[in-house]
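In: Using only what follows, build the 3D model:
(one chain, ligands or ions: 2)
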Amino acid sequence: MTVRNITVLGSTGSIGVSTLDVIRRHPDRYRAFALCAHSQIDKLFEQCVEFKPNFAVLRDAALAAQLAKRCRTAGLQTEVRYGVEALVEVSALPEADSVMAAIVGAAGLEPTLAAARAGKRVMLANKEVLVMAGELFMHAVREHGARLLPVDSEHNAIFQSLPADFSRGMAACGVQKILLTASGGPFRNVALSDLEQVTPEQACAHPNWVMGRKISVDSATMMNKGLEVIEASWLFDAPPEMIQVVVHPQSVIHSAVQYVDGSVLAQLGNPDMRTPIAYAMAWPERIAAGVEPLDLFKIARLDFQAPDFERFRCLQLAYDVLRAGGTAPAILNAANEVAVAEFLEGRLSFLGIARLNDQVLQSLPAGPEGSLADVLAADAEARRLATRLIRERTFA
Ligand code: NAD
Ligand code: MG
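Out: Numbers count the residues shown, from 1 in each chain. Ligands and ions are numbered 1, 2, ... in the order given. Purely as a prediction, here's the structure:
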């Protein structure tokens with residue numbers, strides 16, 4: 001068996017670490033070719049010592065110089081690079097056939113697009129890529145023969161529950177609805193009046209999943225589910241009406257597909273991202289992922305609820321921008337990244353996140369998605385406005 005080289009974008013994050021754990025379990029099949037991270041130099045150095053990648057990429061020059069020195073002293077051959085251009089170049093190198101896209105937020109767009117344009121197997125965790133530039137990205141995948149495999153647990157479950165030739169169209173495959181499950185986050189049953197006081201620590205304490213801080217806050221506002229509705233729409237070419245969010249607090253059913261004959265096919269499992277990661281890495285085969293087998297007797301029951309669009313305004317905003325199209329999703333995504341960062345810094349209240357997102361959307365007209373430059377311009381403008389609104393406290 002040939003060993004496949006994998007580039008991991010965001011290797012020091014939650015998905016990155018889980019990816020390296022699956023690679024570690026299968027040295028006969030996979031090798032970490034390049035490891036890319038923002039600034040956690042100690043963690044990246046440890047990963048370099050263990051996985052001996054050809055490349056390590058950091059955000060800035062000073063940290064990269066430090067890492068390069070440590071790698072040399074440790075006798076490693078790893079070439080250390082820095083910056084967005086390096087990320088883009090490394091993502092397209094021919095030696096790696098797969099790229100795990102696990103950077104958080106808009107920062108992952110350019111390298112992930114580069115991987116698609118280089119025709120890689122793109123394992124996509126970084127959902128913001130599809131939210132910002134779904135049309136461009138899906139076009140690049142088709143044009144350059146990339147193989148797109150969803151890592152987001154819901155989308156991976158939908159992918160597993162669809163026929164292999166689903167690209168001929170949802171209706172042609174007899175699909176009636178995509179049932180996108182959501183845990184409802186930590187505040188599903190908290191009184192609305194108490195939500196204003198929520199702290200970052202409370203918002204990041206997800207009941208079922210351990211994740212990075214941005215996606216944890218997005219789960220608490222259900223913005224995450226909204227971004228996932230948009231992600232599903234692009235991945236499976238499904239209109240918004242076909243995507244039904246189902247609140248399922250146990251996070252055992254990771255999502256399901258409802259067919260015209262009354263069948264519902266679902267994928268179940270323990271909430272451990274190594275399952276969808278391993279599936280994306282090995283597809284169409286399956287490999288061990290180190291995940292506990294599901295014990296249905298221990299789980300005993302599964303519950304379901306309709307989503308509450310009043311409580312979770314961000315979910316409604318996501319459906320709105322999906323219907324509006326063009327740069328509207330990129331504007332919402334950018335406003336939300338600013339809002340979440342400000343909330344985590346204690347400068348914006350929890351309910352302020354949805355209010356700010358709404359205000360930015362109302363103030364900025366969306367244009368056509370167009371080119372990457374158009375998307376990045378819409379993203380930058382939304383960030384500027386969101387930052388100004390927070391500083392001036394001019395949003396309701
Ligand atoms: P995280 O915060 O734990 O990790 C983010 C990673 O991205 C880190 O390695 C960080 O160094 C890197 N990074 C951030 N900014 C960067 C930049 N400008 N340049 C280079 N690298 C940068 O996040 P996470 O929870 O692992 O999530 C990663 C992505 O996967 C997100 O888009 C998230 O929505 C998605 N996702 C995560 C989970 C999960 O269980 N954690 C599940 C589904 C989808
Ligand atoms: Mg998900």
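
In: For the stretch 151-300 of the chain, which residue gets nearest to ligand 1?
Out: Nearest to ligand 1, among the residues of the stretch 151-300 of the chain, is residue 212, at 2.5 Å (Cβ to the nearest ligand atom). Glycine gets a C-beta too; all of them are placed from N, C-alpha and C.

In: shouldn't that residue be in contact with residue 103?
Out: No - at 10.2 Å, residue 212 and residue 103 do not qualify as touching, with contact defined as Cβ atoms under 8 Å.

In: The closest residue to ligand 2 within the stretch 1-150 of the chain: neighbouring residues, count only.
Out: The nearest approach of the stretch 1-150 of the chain to ligand 2 comes at residue 127, 7.5 Å away (Cβ to the ion). By other Cβ atoms under 10 Å, 28 other residues sit near residue 127.

In: so where does the nearest residue to it once chain neighbours are set aside fall, helix or strand?
Out: Closest residue in space to residue 127, ignoring its immediate chain neighbours: residue 231 at 4.5 Å, by Cβ to Cβ, 6 or more residues apart in numbering. In the assignment (DSSP states H and E), residue 231 maps to helix 223-235.

In: what pLDDT, on average, does that helix get?
Out: Averaging pLDDT along helix 223-235 gives 98.

In: cool, stretch 268-287 as well?
Out: Stretch 268-287 shows a mean pLDDT of 98.

In: Tell me if that stretch is near ligand 1.
Out: Yes - part of stretch 268-287 sits near ligand 1 under the criterion Cβ under 6 Å from any ligand atom, namely residue 273.

In: one step back: show me whatever sits in contact with both of residue 212 and residue 103.
Out: Taking Cβ atoms under 8 Å, 6 or more residues apart in numbering as the criterion, residue 212 and residue 103 both touch residue 13.

In: Neighbour count: the two, which is higher?
Out: Ranked by neighbour count (other Cβ under 10 Å), residue 212 and residue 103 place residue 103 first, with 27 against 17.

In: How about the contacts made by the more buried one?
Out: Per Cβ under 8 Å, 6+ apart, neighbours of residue 103: 9, 10, 13, 36, 38, 111, 112, 126.

In: okay, the closest residue to residue 183 other than its chain neighbours: pLDDT?
Out: Distances taken as Cβ to Cβ, 6+ apart place residue 251 nearest to residue 183, at 4.7 Å, with adjacent residues excluded. You'll see residue 251 listed with a pLDDT of 96.

In: ditto for residue 396
Out: Residue 396 is assigned a predicted lDDT (pLDDT) of 62.

In: C-terminal to the host helix or strand of residue 275, which secondary structure element comes first?
Out: Secondary structure from DSSP H and E places residue 275 in helix 274-282. Per DSSP H and E, helix 274-282 leads on to helix 296-299 as the next helix or strand towards the C-terminus.

In: Packing partners of that next one?
Out: Packing partners of helix 296-299 (3 or more Cβ pairs under 8 Å, 6 or more residues apart in numbering; DSSP states H and E): none among the helices and strands.

In: Any buried residues in it, and which?
Out: If you call a residue buried by 16 or more other Cβ atoms under 10 Å, then helix 296-299 has no buried ones at all.

In: pull the CA atoms of it into CSV?
Out: Presented in CSV, the C-alpha positions along helix 296-299 are these (Å, rounded to 0.1, in the frame of the first residue of the first chain):
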residue,chain,number,x,y,z
LEU,A,296,-27.5,2.0,22.4
PHE,A,297,-28.5,0.4,25.8
LYS,A,298,-26.6,3.1,27.7
ILE,A,299,-28.1,5.9,25.6
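
In: Can you give the distance of that helix from its chain's centre?
Out: On the basis of Cα atoms, centre = their mean, to the nearest Å, helix 296-299 sits 29 Å off its chain's mean C-alpha point.

In: and the helix or strand that it is followed by with ligand 1, contact?
Out: Sequence order places helix 313-324 as the next helix or strand after helix 296-299, per DSSP H and E. No - residues of helix 313-324 are not located near ligand 1 by Cβ under 6 Å from any ligand atom, the shortest gap being 13.5 Å.

In: Averaged pLDDT, helix 313-324. What do you get?
Out: The average of the pLDDT scores along helix 313-324 is 98.

In: Helices of the stretch 101-250 of the chain, residue ranges please.
Out: In the stretch 101-250 of the chain, the helices defined using DSSP state H, counting those that start in this stretch lie at 109-117, 128-143, 153-161, 200-204, 213-221, 223-235.

In: can I get those in JSON lines with mean neighbour count?
Out: JSON lines is the format used below for the helices of the stretch 101-250 of the chain (neighbours: other Cβ atoms under 10 Å):
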{"stretch": "helix 109-117", "mean neighbour count": "25"}
{"stretch": "helix 128-143", "mean neighbour count": "22"}
{"stretch": "helix 153-161", "mean neighbour count": "25"}
{"stretch": "helix 200-204", "mean neighbour count": "16"}
{"stretch": "helix 213-221", "mean neighbour count": "24"}
{"stretch": "helix 223-235", "mean neighbour count": "26"}
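
In: For those helices, give me CSV that also has distance to residue 188.
Out: Formatted as CSV, the helices of the stretch 101-250 of the chain follow (distance: least, Cβ to Cβ, whole Å):
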stretch, distance to residue 188
helix 109-117, 31
helix 128-143, 23
helix 153-161, 17
helix 200-204, 13
helix 213-221, 9
helix 223-235, 12
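
In: closest to residue 340 out of those?
Out: helix 213-221 (4.8 Å; Cβ to Cβ).

In: packing partners for that closest one?
Out: Using 3+ Cβ pairs under 8 Å, 6+ apart, helix 213-221 sits against helix 200-204, helix 223-235, helix 328-344, helix 350-363.

In: switch to 10 Å and redo it
Out: Counting contacts by 3 or more Cβ pairs under 10 Å, 6 or more residues apart in numbering; DSSP states H and E, helix 213-221 is packed against helix 14-25, helix 128-143, helix 200-204, helix 223-235, helix 313-324, helix 328-344, helix 350-363.
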